[in-house]
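Asker: Have a look at this prediction, sequence included:
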Amino acid sequence: MKEISVPLVLCVFVMTVARGQVRYSVPEEMTKGSLVGNIVQDLGLDVKRLKSGRARIFTEDSREYIGLNVDKGTLLVKERIDREELCAQVSPCSLHFQIILENPMELHRIDVEILDINDHAPVFMKKEIAFQISESALSGARYSIDSANDPDVGLNSIQTYKLTPSDHFTVKIPAHLDDTKYVEMILQKPLDRETGEEHKMILTAFDGGNPQKTGTIKINVIVLDANDNAPVFSHSIYKASIPENFPKGSSVLRVSATDKDVGSNGDVTYSFSQSSERLSILFQIDSSSGDIIVNGQLDFEKSKKYELYVEATDKGGLSDTSKVHIEITDINDNAPIISVISFSNPVAESSAPSTVIAMLNVKDLDSGKNGIVRCYIAQNLPFKIKSSSPNFYSLVTDELLDREKVSEYNITITAIDEGSPSFSTNKTLTLKISDVNDNAPVFQRQSYTAYLMENNSPGVSVLSVKAHDKDSDVGDNARLSYSILPTTIHGSPISSYVYINPDNGNIFTMRSLDYEQMNTFKIEVQVRDAGAPPQTSNITVHVFVVDQNDNPPVILYPTYSEDAGLQLTVPHGAPVGHRVNKLVAVDPDSGHNAWLFYSIAPGDDSSLFHIEPHTGELRTTQKLMDDEQGGKTHPAYNFIVVVRDNGQPALSTSVSVTVTIEEKSPDKSTDFRITPHKGTGVTDVTLYLIISLGCVTLVSLLTMTVLLVRCIRHKGGSTCCYSRTGFRPQEPHTRTYRPCYSTLSSRSDFVFVKTPILRSLDEKKLQNNSIYLKCRYFVTLSLWSF
Ligand SMILES: *[C@@H]1O[C@H](CO)[C@@H](O)[C@H](O)[C@H]1NC(C)=O
Ligand SMILES: *[C@@H]1O[C@H](CO)[C@@H](O)[C@H](O)[C@H]1NC(C)=O
Ligand SMILES: *[C@@H]1O[C@H](CO)[C@@H](O)[C@H](O)[C@H]1NC(C)=O
């Protein structure tokens, strides 16, 4: 204060001189007793005068702020002077008083200007002030604040305002501070509730004093929300991956959007955007939670992914859009599908292996492993699957087929995918094998043998052959026809003997047969199918003509004439049992039918002779004498010899025999003289006998050798003559073999020897019946001669 007052005092002096009137300036708030001015000097008065004049201060106001020190003639501060109290805002502020002197009365006017000192700080009425400003407020908006108050004047009063921080607002200082009661706060930059809900600022008022004083007020700006924020999704793309069997009603994912606004401005609802509405049968969105829910049946095979557009909208209508990618993953829910592209049905059994039967396409709607398909035939069939290119398969034959074994195949093709669990599909193709004429007809029997009675009537059935063809009977391959291969029998074509029904194989005779001419013959039958080319089979039918007793025995020896009968002689006085002769008869029939019995028909002389039934040896039963016959000379005995065969009915031949008694004569050759006048007959017989004997010996020897060799080979041992191939025991020929058990009996000799010859003749020279018969005679004769 003192430092200030000095210059002021100097100033006062200048003023005083100039006017002759005393003016002082003192700052307010001087301490009591502070010097205001020296009136002695300034008024040119003497101190004594002051005393004498009883100088005193006269104030019109009651209060005396300034006192007079009479002793020194100085003016002093008597009371605290508060300029603001004294003058308030009036400036300059002066105290006016008079110094009054008496004796003589003198009046001196004193002006004391009270100088302002900055003793007041600016003061706001309120400590704090709050504003609620919408964030939508435009910049430039003004908000008034009661200005601060500073009782000081001049520079010491409020000079400026400052707002801190001043991000959004500035203060505008009024042009005339005194004039206005308000300070304007101006919005400079738009507010954003979302970045700052509250702005706390301090407005400071500065005065111009030195030291400067300030006053502050807190300004609290609360930013009110405006719907200035759209909802914002947390992601621009949401991604999810779900299996195609995702259960209906489950949530795939949750989208979420935030809205920085508050209240209803920040309430977000979710929906699909227009473009995704068609998918709403599959997906739904929960409008409040943002859950995307599966609503239908997903199918990877129909769509592998879905793109949904979701919208988040606040109540104010602002919205945001986001994408949702939903990827569907495959699960093995599809079985493979087998489609037949081509199918050659039927296929010929002659098809070579690797013939393509069917082309298949196999697909599986699943993908990845679930869609990889393997194809095979589970059964063990002569077919295989070949893969020509991915998903394409051909069914080919693996082996040669045979319709006769399997005429139809059910081929089950299985396609299985590699998923787990895997799915499989079966496709069954029924393949028919078509016939090819690959089988020859086959006769039901390996050989046929027929027995036919001789003397048959033409047209009698011989037998029926039957063949079977394995080929299909649907077409021509098994349509059979029978025929007889052209051969000849005894020089005539076989067709003149037998006839075959081409359709059923029945064989008939064309003529009557004669066992004695031909006892066996063969028919070559051919069966032929109608295939192309045709297949044939041949078979031989052996026909055996069965003998009938149709030939009477024939007496061969001794020769006799039909007219005279058989003439025989006995020597005179031949003893009882004398062998007169031996009759030899043959029967062209065979077997039993050729089994002959000799007998003497009852008659006058029949008792005198006996004939051996089997051998035909004729012997006497009594002594025959010339003289005993009652004077008869050259007596002759007549009887009839009957030769009967064993046939049914039996046939017989009879010859009348005349036996004469030789006269006593020395001729010894009578025994063998049959017809004495025919010498040639005797030589013939002798010749025959010799030849026969040779023949028989040779044949017997041969036969024995052959039999021996056979028996040794067969080691059968027991019997000699059976196991001849081609002749079975049940055949009638064997009857002729039976007697060979007892080779020593005379009768069986006959049969035994006869048969091999017959057989050999049969086989070699069947047609030459006469030779055969002759030989039989020889043999018979030779045997008989034994
Ligand atoms: C093939 O299948 C059909 C129909 O199931 C059946 O009638 C036929 O007998 C079968 N064939 C074979 C050879 O299994
Ligand atoms: C296909 O056939 C096989 C063998 O016969 C059988 O095991 C399988 O179950 C069948 N699959 C289907 C789908 O019928
Ligand atoms: C059947 O016989 C005929 C004539 O001899 C012959 O041509 C044919 O080849 C024979 N067929 C068979 C299958 O033996």
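Answerer: In hand now; what should we look at? Ligands and ions are numbered 1, 2, ... in the order given.
Asker: of all the residues in this protein, which ones are close to ligand 1?
Answerer: Residues of the chain lying close to ligand 1 (CB under 6 Å from any ligand atom) are 408, 410, 430. (Glycine included, C-beta is placed from N, CA and C.)
Asker: quick check, nearest of the residues you listed to ligand 3?
Answerer: Using CB to the nearest ligand atom, residue 408 is the member of the residues of the chain next to ligand 1 that lies nearest ligand 3, at 29.7 Å.
Asker: show me the contacts for the nearest residue to that closest one once chain neighbours are set aside.
Answerer: Sequence neighbours aside, residue 432 is the residue nearest to residue 408 in space, at 5.3 Å (criterion: CB to CB, 6 or more residues apart in numbering). By CB atoms under 8 Å, 6 or more residues apart in numbering, the contact set of residue 432 is 345, 346, 347, 407, 408.
Asker: one step back: now, which of the residues of the chain next to ligand 1 sits nearest ligand 2?
Answerer: residue 410 (10.6 Å).
Asker: What count of nearby residues applies to the closest residue to ligand 2 within the chain?
Answerer: The chain approaches ligand 2 most closely through residue 426 (3.6 Å), counting by CB to the nearest ligand atom. Close neighbours of residue 426, defined as other CB atoms under 10 Å, add up to 12.
Asker: Now the stretch of helix or strand it belongs to: average pLDDT?
Answerer: Residue 426 is part of strand 424-434, with elements assigned from DSSP states H and E. For strand 424-434, mean pLDDT is 93.
Asker: Give the partner strands of the following helix or strand past that strand in its sheet and their orientations.
Answerer: Remark: after strand 424-434, the chain's next helix or strand is strand 442-443, criterion DSSP H and E. Looking at strand 442-443 with DSSP bridges, its partner strands are strand 467-468 (antiparallel).
Asker: Residues contacting the partner strand, please?
Answerer: 441, 442, 443, 444, 480, 482, 505, 527, 537, 539.
Asker: ditto for stretch 646-655
Answerer: Counting by CB under 8 Å, 6+ apart, 548-555, 560, 565-566, 583, 585, 587, 589, 592-597, 601, 640-645 sit against stretch 646-655.
Asker: Swap in 7 Å and give it another go.
Answerer: Contact partners of stretch 646-655, identified using CB atoms under 7 Å, 6 or more residues apart in numbering, comprise 549, 551-555, 560, 565-566, 585, 589, 592-593, 595, 601, 640-645.
Asker: Show the pLDDT at the closest residue to residue 91 other than its chain neighbours.
Answerer: In space, and not counting its chain neighbours, residue 91 is closest to residue 153: 4.6 Å by CB to CB, 6+ apart. For residue 153, the model assigns a pLDDT of 81.
Asker: and residue 580, what does it touch?
Answerer: By CB under 7 Å, 6+ apart, the neighbours of residue 580 are 568, 570, 609, 618, 619, 620, 659.
Asker: Then residue 257?
Answerer: 231, 232, 233, 234, 268, 312, 320.
Asker: now, which of these sits nearest residue 188?
Answerer: Of all those, residue 232 has the smallest distance to residue 188: 27.3 Å, by CB to CB.
Asker: in which helix or strand would I find the residue lying closest to the closest one once chain neighbours are set aside?
Answerer: Leaving aside its sequence neighbours, residue 232 sits nearest to residue 320 (CB to CB, 6+ apart; 5.3 Å). Remark: residue 320 resides in strand 319-329, with elements defined by DSSP H and E.
Asker: Pairing partners for whichever helix or strand comes after that strand, with directions?
Answerer: Next in sequence after strand 319-329, counting helices and strands by DSSP H and E, comes strand 337-343. Strand pairing for strand 337-343, using DSSP bridges, gives strand 356-363 (antiparallel).
Asker: Does the partner strand reach ligand 2?
Answerer: No. Strand 356-363 does not reach ligand 2 (CB under 6 Å from any ligand atom); its nearest approach is 13.7 Å.
Asker: So which bits of that strand are buried?
Answerer: 357, 358, 359, 360, 362, 363 (16 or more other CB atoms under 10 Å).
Asker: returning to that earlier point: between the contacts of residue 257, which is closest to residue 498?
Answerer: residue 233 (109.1 Å).
Asker: Could you pull up phi and psi at that closest one?
Answerer: Main-chain dihedrals, residue 233, degrees, to the nearest 10: phi -70, psi 150.
Asker: So for it, what's the nearest residue that isn't a sequence neighbour?
Answerer: residue 322 (3.8 Å).
Asker: which residues sit in contact with the one you found?
Answerer: 233, 235, 236, 237, 238, 255, 310.
Asker: For it, name its beta-bridge partners.
Answerer: residue 310.
Asker: Just the pLDDT for it.
Answerer: For residue 322, pLDDT reads 91.
Asker: One more: residue 485?
Answerer: Here, the pLDDT recorded for residue 485 equals 94.
Asker: how near is the closest residue to it other than its chain neighbours to residue 450?
Answerer: With CB to CB, 6+ apart as the criterion, residue 485 has its nearest non-adjacent residue at 3.9 Å, and that residue is residue 524. In this view, residue 524 and residue 450 are 14 Å apart by CB to CB, to the nearest Å.
Asker: do the same with residue 478
Answerer: 26 Å.
Asker: what residues does this protein put near ligand 3?
Answerer: 485, 526, 536, 537, 538.
Asker: Can you pick out the most distant pair from these?
Answerer: Pairwise distances across the residues of the chain next to ligand 3 (CB to CB) peak at 11.5 Å, for the pair 485 and 537.
Asker: who's more crowded, those two?
Answerer: residue 537 (17 against 12).
Asker: Just confirm residue 690 is within a strand.
Answerer: No. Counting by DSSP: H, G, I helix; E, B strand; the rest coil, residue 690 is located in no strand; its state is helix.
Asker: what's around it, how many residues?
Answerer: Residue 690, neighbours per other CB under 10 Å, totals 12.
Asker: before we move on, what about residue 609?
Answerer: 22.
Asker: Verify the stated contact: it with residue 638.
Answerer: No. Between residue 609 and residue 638 there is no contact under CB atoms under 7 Å: 10.5 Å.
Asker: Can you turn the buried subset of the contacts of residue 257 into a selection I can paste into ChimeraX?
Answerer: Those of those that count as buried under 16+ other CB under 10 Å are selected in ChimeraX with:
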select :231,232,233,268,312,320
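Asker: what's the most distant pair in the contacts of residue 257?
Answerer: 234 and 268 (11.3 Å).
Asker: related to what we said a few turns ago, buried residues, the strand holding residue 320. List them.
Answerer: So, applying 16+ other CB under 10 Å, buried residues of strand 319-329: 319, 320, 321, 322, 323, 324, 326, 328, 329.
Asker: TSV please, covering those residues and showing distance to residue 520.
Answerer: Listed next are the buried residues of strand 319-329 as TSV, based on distance: CB to CB, whole Å:
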residue	distance to residue 520
319	119
320	118
321	113
322	112
323	107
324	105
326	99
328	92
329	91
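Asker: Which one of these is nearest to ligand 3?
Answerer: Looking across the buried residues of strand 319-329 and measuring by CB to the nearest ligand atom, the closest to ligand 3 is residue 329, at 71.0 Å.
Asker: So what pairs up with that closest one in the strands?
Answerer: residue 243.
Asker: Isn't it up against residue 241?
Answerer: Yes. Using CB under 7 Å, residue 329 makes contact with residue 241 at a distance of 5.8 Å.
Asker: Quick one: low-confidence residue ranges for this structure.
Answerer: For the chain, the stretches flagged by pLDDT under 70 are 1-20, 62, 174-180, 625-634, 664-685, 711, 714-786.
Asker: hmm, 50 instead?
Answerer: Within the chain, the stretches with pLDDT under 50 are 1-20, 628-629, 667-682, 716-772, 775, 782, 785-786.
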